[in-house]
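Novice: sharing a sequence plus its predicted fold:
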Amino acid sequence: MRTTRPRRLGRRVLYKGRVIRIEIDRVRLPNGRTTRLEVVRHRGSVVLLPQPSPGRIILIRQFRYAIDKWIWELPAGSLEPGERPADCARRECEEEIGLKPRRISKMASYFPTPGFCDERMLFYRCQELRVPKRPIERDPDEQIEPRTFTLDEAWTLVEQGKIVDMKTVLGLGLVSPRGPGAQRVRRRVLGAGS
(Lines give C-alpha, C1' and ligand atoms only; values in the text may rest on other atoms or scores of the structure.)
Protein backbone atom coordinates (compact mmCIF):
# COMPACT_ATOMS: atom_id res chain seq x y z
CA MET A 1 0.00 0.00 0.00
CA ARG A 2 1.50 3.29 -1.11
CA THR A 3 0.85 6.32 1.08
CA THR A 4 1.62 9.93 0.43
CA ARG A 5 2.73 12.29 3.13
CA PRO A 6 1.37 15.72 4.00
CA ARG A 7 3.36 18.63 2.56
CA ARG A 8 4.33 21.57 4.76
CA LEU A 9 3.43 24.90 3.17
CA GLY A 10 4.52 27.17 6.01
CA ARG A 11 5.60 27.28 9.64
CA ARG A 12 5.18 29.76 12.47
CA VAL A 13 7.03 29.38 15.78
CA LEU A 14 4.74 30.44 18.62
CA TYR A 15 7.09 29.78 21.52
CA LYS A 16 10.69 28.75 22.02
CA GLY A 17 11.67 27.75 25.56
CA ARG A 18 14.36 25.83 27.41
CA VAL A 19 12.71 22.43 26.87
CA ILE A 20 10.15 22.78 24.07
CA ARG A 21 9.31 24.77 20.95
CA ILE A 22 5.71 25.16 19.79
CA GLU A 23 5.02 25.49 16.09
CA ILE A 24 1.97 25.84 13.87
CA ASP A 25 2.48 24.33 10.44
CA ARG A 26 0.25 25.00 7.47
CA VAL A 27 -0.02 21.63 5.73
CA ARG A 28 -1.53 20.23 2.55
CA LEU A 29 -2.93 16.79 3.37
CA PRO A 30 -2.80 13.86 0.91
CA ASN A 31 -6.52 14.40 0.18
CA GLY A 32 -5.71 17.92 -1.10
CA ARG A 33 -7.14 19.86 1.85
CA THR A 34 -5.09 22.46 3.68
CA THR A 35 -5.06 22.68 7.47
CA ARG A 36 -3.03 23.96 10.40
CA LEU A 37 -1.31 21.51 12.75
CA GLU A 38 0.08 22.37 16.18
CA VAL A 39 3.34 20.59 16.98
CA VAL A 40 5.44 20.55 20.16
CA ARG A 41 9.12 20.00 19.34
CA HIS A 42 11.35 18.37 21.97
CA ARG A 43 15.03 17.30 21.81
CA GLY A 44 14.16 13.92 23.29
CA SER A 45 14.70 12.41 26.70
CA VAL A 46 16.03 9.42 28.56
CA VAL A 47 14.11 7.34 31.10
CA LEU A 48 16.19 5.44 33.63
CA LEU A 49 15.56 2.00 35.06
CA PRO A 50 18.09 2.10 37.92
CA GLN A 51 18.43 -1.37 39.43
CA PRO A 52 20.76 -1.66 42.42
CA SER A 53 20.11 -5.43 42.32
CA PRO A 54 17.82 -7.81 40.40
CA GLY A 55 14.22 -7.43 41.52
CA ARG A 56 14.72 -3.89 42.85
CA ILE A 57 14.27 -0.45 41.26
CA ILE A 58 14.96 3.12 42.36
CA LEU A 59 12.07 5.53 41.92
CA ILE A 60 11.99 9.23 42.69
CA ARG A 61 9.24 11.22 44.33
CA GLN A 62 8.81 14.76 43.08
CA PHE A 63 6.18 17.44 42.66
CA ARG A 64 4.86 17.80 39.14
CA TYR A 65 3.45 21.29 38.76
CA ALA A 66 1.52 20.54 35.55
CA ILE A 67 -0.71 18.03 37.37
CA ASP A 68 -0.40 19.64 40.85
CA LYS A 69 0.70 16.38 42.52
CA TRP A 70 3.59 14.65 44.25
CA ILE A 71 4.18 11.41 42.34
CA TRP A 72 6.55 8.44 42.28
CA GLU A 73 8.23 7.95 38.93
CA LEU A 74 11.30 6.66 37.16
CA PRO A 75 14.13 9.21 36.93
CA ALA A 76 14.29 10.90 33.54
CA GLY A 77 15.68 13.95 31.83
CA SER A 78 15.93 15.85 28.58
CA LEU A 79 18.84 15.54 26.21
CA GLU A 80 21.10 18.57 26.02
CA PRO A 81 21.87 19.88 22.50
CA GLY A 82 24.34 17.49 20.85
CA GLU A 83 24.40 15.12 23.85
CA ARG A 84 24.53 11.38 23.22
CA PRO A 85 21.60 9.56 24.87
CA ALA A 86 23.86 7.13 26.80
CA ASP A 87 25.83 10.09 28.21
CA CYS A 88 22.57 11.78 29.17
CA ALA A 89 21.46 8.59 30.96
CA ARG A 90 24.70 8.52 32.99
CA ARG A 91 24.39 12.24 33.84
CA GLU A 92 20.74 12.03 34.84
CA CYS A 93 21.38 8.95 37.00
CA GLU A 94 23.99 10.88 38.99
CA GLU A 95 21.89 14.06 39.17
CA GLU A 96 18.59 12.46 40.15
CA ILE A 97 19.55 9.54 42.40
CA GLY A 98 23.15 10.37 43.30
CA LEU A 99 24.55 7.13 41.86
CA LYS A 100 26.78 6.44 38.87
CA PRO A 101 26.04 3.39 36.70
CA ARG A 102 28.98 1.23 35.64
CA ARG A 103 26.75 -0.54 33.15
CA ILE A 104 23.88 0.87 31.08
CA SER A 105 21.91 -0.78 28.33
CA LYS A 106 19.31 0.66 26.01
CA MET A 107 16.04 -1.23 26.36
CA ALA A 108 13.51 0.59 24.17
CA SER A 109 12.53 3.79 22.41
CA TYR A 110 8.99 5.21 22.24
CA PHE A 111 7.09 8.35 21.25
CA PRO A 112 4.76 9.03 24.22
CA THR A 113 2.44 11.53 22.50
CA PRO A 114 2.96 11.45 18.69
CA GLY A 115 -0.37 13.13 18.04
CA PHE A 116 1.13 16.53 18.84
CA CYS A 117 4.73 16.08 20.08
CA ASP A 118 7.90 14.65 18.50
CA GLU A 119 9.60 13.75 21.80
CA ARG A 120 11.29 10.34 21.71
CA MET A 121 11.89 8.65 25.08
CA LEU A 122 14.85 6.27 25.25
CA PHE A 123 14.72 3.76 28.11
CA TYR A 124 18.03 2.72 29.72
CA ARG A 125 18.60 0.08 32.38
CA CYS A 126 21.28 1.32 34.81
CA GLN A 127 23.14 -1.33 36.81
CA GLU A 128 26.21 -1.71 39.01
CA LEU A 129 25.40 1.59 40.71
CA ARG A 130 28.03 3.29 42.85
CA VAL A 131 28.49 6.59 44.65
CA PRO A 132 30.45 9.03 42.42
CA LYS A 133 33.68 10.61 43.62
CA ARG A 134 32.13 14.07 43.33
CA PRO A 135 28.36 14.49 43.62
CA ILE A 136 26.64 16.39 40.80
CA GLU A 137 24.32 19.25 41.73
CA ARG A 138 20.64 18.93 40.92
CA ASP A 139 18.81 21.43 38.76
CA PRO A 140 17.47 24.33 40.86
CA ASP A 141 13.83 23.45 40.04
CA GLU A 142 14.14 19.83 41.21
CA GLN A 143 13.07 18.62 44.65
CA ILE A 144 13.68 14.90 44.45
CA GLU A 145 13.45 12.06 46.96
CA PRO A 146 14.95 8.79 45.63
CA ARG A 147 13.93 5.47 47.21
CA THR A 148 14.57 1.81 46.41
CA PHE A 149 11.57 -0.50 46.00
CA THR A 150 11.13 -4.12 45.10
CA LEU A 151 9.47 -4.46 41.71
CA ASP A 152 6.37 -5.88 43.42
CA GLU A 153 6.23 -2.81 45.73
CA ALA A 154 6.50 -0.56 42.65
CA TRP A 155 3.57 -2.36 41.03
CA THR A 156 1.60 -1.89 44.26
CA LEU A 157 2.18 1.86 43.89
CA VAL A 158 0.67 1.62 40.40
CA GLU A 159 -2.37 -0.20 41.83
CA GLN A 160 -2.75 2.44 44.57
CA GLY A 161 -2.65 5.31 42.05
CA LYS A 162 0.63 6.65 43.46
CA ILE A 163 2.34 5.99 40.14
CA VAL A 164 0.28 7.79 37.49
CA ASP A 165 3.07 8.47 35.04
CA MET A 166 2.85 6.43 31.83
CA LYS A 167 6.61 6.25 31.22
CA THR A 168 7.03 4.69 34.67
CA VAL A 169 4.35 2.05 34.13
CA LEU A 170 5.88 1.22 30.75
CA GLY A 171 9.40 1.12 32.22
CA LEU A 172 8.31 -1.21 35.01
CA GLY A 173 6.84 -3.46 32.35
CA LEU A 174 10.21 -3.55 30.56
CA VAL A 175 12.04 -4.89 33.64
CA SER A 176 9.20 -6.86 35.26
CA PRO A 177 6.53 -7.83 32.71
CA ARG A 178 5.45 -11.06 34.43
CA GLY A 179 5.98 -10.48 38.14
CA PRO A 180 3.10 -10.84 40.64
CA GLY A 181 2.57 -7.08 40.87
CA ALA A 182 2.41 -6.70 37.09
CA GLN A 183 -0.09 -9.56 36.90
CA ARG A 184 -2.31 -7.94 39.56
CA VAL A 185 -2.31 -4.61 37.70
CA ARG A 186 -3.00 -6.34 34.37
CA ARG A 187 -5.98 -8.23 35.87
CA ARG A 188 -7.30 -5.03 37.42
CA VAL A 189 -6.98 -3.01 34.22
CA LEU A 190 -8.16 -5.70 31.81
CA GLY A 191 -10.81 -7.15 34.10
CA ALA A 192 -11.21 -10.57 35.63
CA GLY A 193 -12.57 -12.08 32.41
CA SER A 194 -9.42 -11.38 30.37
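Specialist: Yes, it's here.

Novice: for stretch 74-94, which positions count as buried?
Specialist: Buried residues in stretch 74-94, defined by neighbour count with 16 or more other Cβ atoms under 10 Å: 74-79, 85, 88-94. Where C-beta positions appear, they are placed from N, C-alpha and C, glycine not excepted.

Novice: mind checking which of the residues you listed land in strands?
Specialist: Judged by DSSP state E, strands contain the following of the buried residues of stretch 74-94: 76-78.

Novice: neighbours around Pro101, how many?
Specialist: Neighbour count of Pro101, defined by other Cβ atoms under 10 Å: 22.

Novice: span of stretch 20-40 from start to end?
Specialist: This stretch, stretch 20-40, spans 7 Å end to end (Cα to Cα, to the nearest Å).

Novice: who does Thr34 form a beta bridge with?
Specialist: Arg28 (DSSP bridges).

Novice: what's Arg26 in contact with, if anything?
Specialist: Taking Cβ atoms under 8 Å, 6 or more residues apart in numbering, we find Arg26 in contact with 8-11, 34-36.

Novice: cool, Ile163 as well?
Specialist: Contacts of Ile163 (Cβ under 8 Å, 6+ apart): 59, 71-73, 154, 157, 169, 172.

Novice: what subset of the residues you listed is buried?
Specialist: For these, buried by 16+ other Cβ under 10 Å: 59, 71-73, 154, 157, 169, 172.

Novice: right, and the pair among those with maximum separation?
Specialist: Longest distance between any two of those is 13.8 Å, between Ile71 and Leu172; criterion Cβ to Cβ.

Novice: how is the protein divided into domains?
Specialist: Domains of the chain are assigned by automatic domain parsing as 7-42, 45-186.

Novice: determine which stretch of the ones you listed is the most buried.
Specialist: domain 45-186 (a mean of 16; mean count of other Cβ atoms under 10 Å).

Novice: filter the contacts of Arg26 down to just the ones in helices.
Specialist: Using DSSP state H, no member of the contacts of Arg26 falls in helices.

Novice: could you export those residues as JSON lines, including distance to Pro180 and pLDDT?
Specialist: Formatted as JSON lines, these follow (distance: Cβ to Cβ, whole Å; pLDDT from 0 to 100):
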{"residue": "Arg8", "distance to Pro180": "49", "pLDDT": "96"}
{"residue": "Leu9", "distance to Pro180": "54", "pLDDT": "97"}
{"residue": "Gly10", "distance to Pro180": "54", "pLDDT": "97"}
{"residue": "Arg11", "distance to Pro180": "50", "pLDDT": "97"}
{"residue": "Thr34", "distance to Pro180": "53", "pLDDT": "97"}
{"residue": "Thr35", "distance to Pro180": "48", "pLDDT": "97"}
{"residue": "Arg36", "distance to Pro180": "48", "pLDDT": "97"}
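
Novice: alright, that wraps it up for me.
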